[in-house]
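**Student:** Okay, sequence plus prediction incoming.
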Amino acid sequence: MYKTDTICAIASAMTNAGIGIIRVSGSDAIEKVDRIYKGKHKLTEVESHTVQYGHIVYDDKVIDEVMVLVLKSPRTYTTEDTVEIDCHGGTLVMQEILKAVIAQGVRPAEPGEFTKRAFLNGRIDLSQAESVMDVISSNSNLALHNSINQLQGIFSDQIKDMRSKIIYEIAYIESALDDPEHIDITGYGEELLPKIQEIIDQISHLLATADNGSMLKEGIKTTIIGKPNAGKSSLLNLLARKDRAIVTDIAGTTRDTLEEQISLNGISLRIIDTAGIRHTEDVVEKIGVKKAYDTMENADLILYVVDASRPLDENDIAIMEKIKDLKVIVLLNKTDLDPVVDADEIHKYLSQDILPFSAKNGQGLDYLEKMITDMFFTGQIMDSNEVFLTNARHIAALSDANESLKHVVESISMDMPEDFLSIDLMDAYESLGIIIGESVEEDLVNEIFAKFCTGK
Ligand code: GDP
């Protein structure tokens, strides 16, 4: 491990809270914090991974009563010597302590620098480092679960496994080309083909999760549709439990689309309320209707609100025609009034689930929420038992790797010389390496000589 300068930052939120944490990391972390710490023992003399009680004293002034965590390299977040000062969580007191630390010649950390050090010092790879940010910014339990999976290296392990298979083949080809007398490579392409195909399949599978991954972060795109006055805005308000959409009884109020992000049993839903769909000559309203149709086509789930207190009309028929093959839950709304439409009538047009509902008094809401959660967890909306790709950099690198591997397959089918295969395999290896941030040359050298030394 290289010697680094010592950095510091307030690691907790910059708001007044019960506890604040100032984190200090680097070769001189313990010694420098010790200069402003007064307690029973000197921090430089205590055991690693212990908590010390004392005070931060600077300029002969006691700034705060603190608990100090002393963590010696290498079993720390950054792998460097680290001190965490647990102080009172007022913004002023945290800043005063930080100032005192900086005054000892400690540099304020750049954003993400602690995690960057964890990566540079080899404790985590690049994709794990990225997932640290995802864990922090996750806005649903599921997104959090996915980020933690990535942080624990489930995704990196898959990448590493594919890379080690590829490097093995490269090493074999390179050794054979170097030493044709001892290694016969005839018919090697045929042998290689299924192995490469297997990796292509694995990458394709990962790439297929990318859509679901963005769903996780952004939420399942849920579009509310229906004719004007059916109760769409009321439904959005009910789901979001606040008055976001304007609810009125004048037809055509929601002229544009409104969006709301909600969390439903850990699943993130991005709900879009659309303009009421009806045949209209009004230019502005027409745009709204068109937008409603466009939004519908891109939705992962449609909530179709039917006003059960009015007979179905040509607007309902037009909507049903559009959605009959889509993922839809039909809400038979206003069942608190005397309903004139029932499920049987709708079933003449649609085969999807129909739920009696009242956006006014919330009847059916629990069941609707359960239906959506079930659809999700049974994989009807998306598959929940996967590591989802959410990072554009990973997606691009995996796509590149797949392209290169497809070239390998092509080259084999065209009976190209083995050094061609080796070049494309190397490209795939490098692309995958980009994900975990590994350098190529050193790995390759080590692999070749460790595994295929032919005794020269
Ligand atoms: P939108 O045009 O489809 O967005 O419909 P709104 O949500 O603005 O509702 C239109 C009118 O129907 C408003 O007066 C609502 O209060 C009323 N409304 C909505 N849902 C219900 C319901 O379930 N029962 C009753 N009785 N009225 C409802």
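**Tutor:** Great, that's in hand.

**Student:** what residues does the stretch 251-400 of the chain put near the ligand?
**Tutor:** Proximity of the stretch 251-400 of the chain to the ligand, by C-beta under 6 Å from any ligand atom, involves residues Thr253, Thr254, Gly276, Asn333, Lys334, Asp336, Leu337, Ser358, Ala359, Lys360. In this view, the C-beta of every residue, glycine as well, is placed from N, C-alpha and C.

**Student:** any chance of those in a markdown table, with secondary structure and distance to Ile185 too?
**Tutor:** Listed next are these as a markdown table, based on DSSP: H, G, I helix; E, B strand; the rest coil; distance: C-beta to C-beta, whole Å:
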| residue | secondary structure | distance to Ile185 |
| --- | --- | --- |
| Thr253 | coil | 73 |
| Thr254 | coil | 68 |
| Gly276 | coil | 69 |
| Asn333 | strand | 70 |
| Lys334 | coil | 75 |
| Asp336 | coil | 77 |
| Leu337 | coil | 79 |
| Ser358 | coil | 73 |
| Ala359 | coil | 70 |
| Lys360 | coil | 75 |
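
**Student:** possible to save the residues you listed as a markdown table with pLDDT?
**Tutor:** Compiled in a markdown table, these are given as follows (pLDDT from 0 to 100):
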| residue | pLDDT |
| --- | --- |
| Thr253 | 49 |
| Thr254 | 52 |
| Gly276 | 76 |
| Asn333 | 97 |
| Lys334 | 96 |
| Asp336 | 94 |
| Leu337 | 93 |
| Ser358 | 96 |
| Ala359 | 94 |
| Lys360 | 92 |
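
**Student:** can you pick the most crowded of those?
**Tutor:** Tallying neighbours with other C-beta atoms under 10 Å puts Asn333 at the head of those, with 29 neighbours.

**Student:** Might one say that it is in contact with Asn229?
**Tutor:** No: between Asn333 and Asn229 there is no contact under C-beta atoms under 8 Å: 10.1 Å.

**Student:** Common neighbours of those two, please.
**Tutor:** Shared contacts of Asn333 and Asn229, defined by C-beta atoms under 8 Å, 6 or more residues apart in numbering, are found at Asp307.

**Student:** nearest to Ala103, of the residues of the stretch 251-400 of the chain next to the ligand?
**Tutor:** Ala103 lies nearest to Thr254 out of these, by C-beta to C-beta, at 57.6 Å.

**Student:** now the strands: where do they sit in the stretch 201-350 of the chain?
**Tutor:** Under the criterion DSSP state E, counting those that start in this stretch, strands of the stretch 201-350 of the chain are mapped to 220-225, 258-264, 267-273, 301-307, 328-333.

**Student:** What are the buried residues along stretch 191-203?
**Tutor:** Neighbour counts over stretch 191-203 (16 or more other C-beta atoms under 10 Å) mark Leu192, Ile196, Ile199, Ile200, Gln202, Ile203 as buried.

**Student:** ok so, going back, okay if I get the strands of the stretch 201-350 of the chain as a markdown table plus distance to Ala103?
**Tutor:** Listed next are these as a markdown table, based on distance: least, C-beta to C-beta, whole Å:
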| stretch | distance to Ala103 |
| --- | --- |
| strand 220-225 | 50 |
| strand 258-264 | 43 |
| strand 267-273 | 44 |
| strand 301-307 | 56 |
| strand 328-333 | 61 |
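
**Student:** Check those strands for me: which has the lowest mean pLDDT.
**Tutor:** Per-stretch mean pLDDT for the strands of the stretch 201-350 of the chain is lowest at strand 258-264 (a mean of 76).

**Student:** helices or strands next to it in the packing?
**Tutor:** helix 232-240, strand 267-273, helix 365-377 (3 or more C-beta pairs under 8 Å, 6 or more residues apart in numbering; DSSP states H and E).

**Student:** Let's have those in JSON lines, adding distance to Ser309 and mean neighbour count.
**Tutor:** Shown next, in JSON lines, are the helices and strands packed on strand 258-264 (distance: least, C-beta to C-beta, whole Å; neighbours: other C-beta atoms under 10 Å):
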{"stretch": "helix 232-240", "distance to Ser309": "13", "mean neighbour count": "23"}
{"stretch": "strand 267-273", "distance to Ser309": "20", "mean neighbour count": "23"}
{"stretch": "helix 365-377", "distance to Ser309": "18", "mean neighbour count": "16"}
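
**Student:** Where among those is average confidence lowest?
**Tutor:** Mean pLDDT values for the helices and strands packed on strand 258-264 show the minimum at strand 267-273, a mean of 80.

**Student:** what's the closest of the strands of the stretch 201-350 of the chain to Ile148?
**Tutor:** Minimum separation from Ile148 across the strands of the stretch 201-350 of the chain (C-beta to C-beta) falls at strand 267-273, 15.8 Å.

**Student:** Just name the shakiest helix or strand of the protein by mean pLDDT.
**Tutor:** In the chain, the helix or strand scored least confidently by mean pLDDT, DSSP states H and E is helix 440-452, which has a mean of 41.

**Student:** Specify the angle between the longest helix anywhere in the chain and strand 220-225 in degrees.
**Tutor:** Determined from DSSP state H, the single longest helix within the chain is helix 188-218. Per axes from the mean of the first three to the mean of the last three C-alpha atoms, to 10 degrees, the angle that helix 188-218 makes with strand 220-225 is 50 degrees.

**Student:** Let's verify Ser351: helix, strand, or coil?
**Tutor:** What DSSP: H, G, I helix; E, B strand; the rest coil gives for Ser351 is coil.

**Student:** and if you look at Ile412?
**Tutor:** Here Ile412 takes the helix state, with states given by three-state DSSP.

**Student:** Give the residue spans of the stretch 301-450 of the chain that score low on pLDDT.
**Tutor:** 377, 379, 382-388, 390, 439-450 (pLDDT under 70).

**Student:** Could you rerun that using 50?
**Tutor:** By pLDDT under 50, the weakly predicted segments of the stretch 301-450 of the chain are 383-385, 440-441, 444-450.

**Student:** pretty sure Met320 is in contact with Tyr349, am I right?
**Tutor:** Yes: assessed by C-beta under 8 Å, Met320 is found in contact with Tyr349 at 4.1 Å.

**Student:** who's more crowded, these two?
**Tutor:** Met320 (19 against 16).

**Student:** what's near enough to touch that one?
**Tutor:** By C-beta under 8 Å, 6+ apart, the residues touching Met320 are Tyr304, Ile346, Tyr349, Leu350.

**Student:** Name the nearest of those residues relative to the ligand.
**Tutor:** The ligand has its nearest neighbour among these in Tyr304, at 11.1 Å by C-beta to the nearest ligand atom.

**Student:** could you measure the closest one against Val328, distance?
**Tutor:** Per C-beta to C-beta, to the nearest Å, Tyr304 is found 5 Å from Val328.

**Student:** which one of the two has more residues nearby?
**Tutor:** Neighbours around Tyr304 and Val328, counted as other C-beta under 10 Å, are more numerous at Tyr304. The numbers are 28 against 23.

**Student:** what about the closest residue in space to the more buried one that isn't next to it in sequence, neighbour count?
**Tutor:** Computed as C-beta to C-beta, 6 or more residues apart in numbering, the closest residue to Tyr304 that is not its neighbour in sequence is Val330, at 4.9 Å. Residues lying near Val330 (other C-beta under 10 Å) number 23.
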